[in-house]
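1. Here is my input, please return the structure:
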Amino acid sequence: FYCDRTAKTTTRLDELTGLDVFSAYFAPDNSLILLTQSGPEGDCYDIWTWQPDSGTLTQTFSQLHIYRERDDNPYGFQFLFGSPLGLYITQDGKLSVLDLCTGQETPVEGFSLTQWDSTFLPNPSGSKILFADYDYAADSLGIARLGVIDLTRGTFTVLDREGYDALDEGNLSWFDEDRVAIRSSQKDDYTECYLYLYQF
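-> Now for the predicted structure:
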């Protein structure tokens, strides 16, 4: 639904756009980014923008295969709710940043999903994506590498970690827009806690 608080109206988006809208959210310019499902089995997305003031509807991407991590060879489009940007992963693990408002596609040099273990972890604004690589022989999480994609710049930064098995690392997350947090404790004393912050 689209709620116009000035006009005091609430209208279904499919009535306003003529589309069967799967998901919708505002872009920074106050236009709406709309997702519709397509393909013979509904396994693709079409991306649209809709301008509430003018009623202009524009398609920016079509027939984007949906990324599903559980697939044997996952590839396709991964959308980040609330962000005007999305990711497209090719079948060989290469990645591009898609601008859902303009239709622009920017390859991320030096990145291959096949080299990373974790799923996508966006920062609060959706402008950066965190990946991690784990040492499964470690006693705790064993986060051996951190990688961050800056979606606005199309860059990928990698940090190799040392001493990650010295403490009992229990949680990996974003601390704020630019810093990644790893929370840990002593292996024999869980009352003494530590916080690692990495700025990207």
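2. CA only for contacts and neighbour counts going forward, please
-> Will do.
3. distance of Leu141 from Ala7?
-> Distance, Leu141 to Ala7, by C-alpha to C-alpha, to the nearest Å: 52 Å.
4. actually Asp99, sorry about that
-> Distance check for Asp99 against Ala7: by C-alpha to C-alpha, it reads 31 Å.
5. Pick out whichever of these two has more residues nearby.
-> Ranked by neighbour count (other C-alpha atoms under 10 Å), Asp99 and Ala7 place Asp99 first, with 19 against 7.
6. so who does the closest residue to that one other than its chain neighbours touch?
-> Leaving aside its sequence neighbours, Asp99 sits nearest to Leu85 (C-alpha to C-alpha, 6 or more residues apart in numbering; 4.8 Å). Residues in contact with Leu85 (C-alpha atoms under 8 Å, 6 or more residues apart in numbering) are Phe79, Val97, Leu98, Asp99, Leu100, Gly126, Ser127, Leu151.
7. ok now do the residue sitting nearest the centre point of the chain, which residues does it touch?
-> In the chain, the residue lying closest to the centroid (C-alpha atoms, centre = their mean) is Leu80, at 4.2 Å. By C-alpha under 8 Å, 6+ apart, the residues touching Leu80 are Gly86, Pro122, Gly126.
8. before we move on, back to that, using JSON lines, please lay out the contacts of Leu85 together with pLDDT.
-> Formatted as JSON lines, the contacts of Leu85 follow (pLDDT from 0 to 100):
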{"residue": "Phe79", "pLDDT": "83"}
{"residue": "Val97", "pLDDT": "89"}
{"residue": "Leu98", "pLDDT": "93"}
{"residue": "Asp99", "pLDDT": "93"}
{"residue": "Leu100", "pLDDT": "95"}
{"residue": "Gly126", "pLDDT": "81"}
{"residue": "Ser127", "pLDDT": "86"}
{"residue": "Leu151", "pLDDT": "85"}
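9. Among the residues you listed, which are located in strands?
-> Phe79, Val97, Leu98, Asp99 (DSSP state E).
10. Correct me if wrong: Asp4 contacts Pro52.
-> No: in this structure, Asp4 is not within contact of Pro52 by C-alpha atoms under 8 Å, at 9.2 Å.
11. Looking at those two, which is more packed in?
-> Pro52 (15 against 11).
12. That one touches Ser31, doesn't it?
-> Yes: contact status for Pro52 versus Ser31: in contact at 6.5 Å, counting by C-alpha under 8 Å.
13. Please name the strands paired to the lowest-mean-pLDDT helix or strand in the chain in the sheet, noting orientation.
-> Within the chain, no helix or strand scores below strand 121-122, which has a mean of 86 by mean pLDDT, DSSP states H and E. Paired with strand 121-122 in the same sheet, following DSSP bridges, are strand 128-134 (antiparallel).
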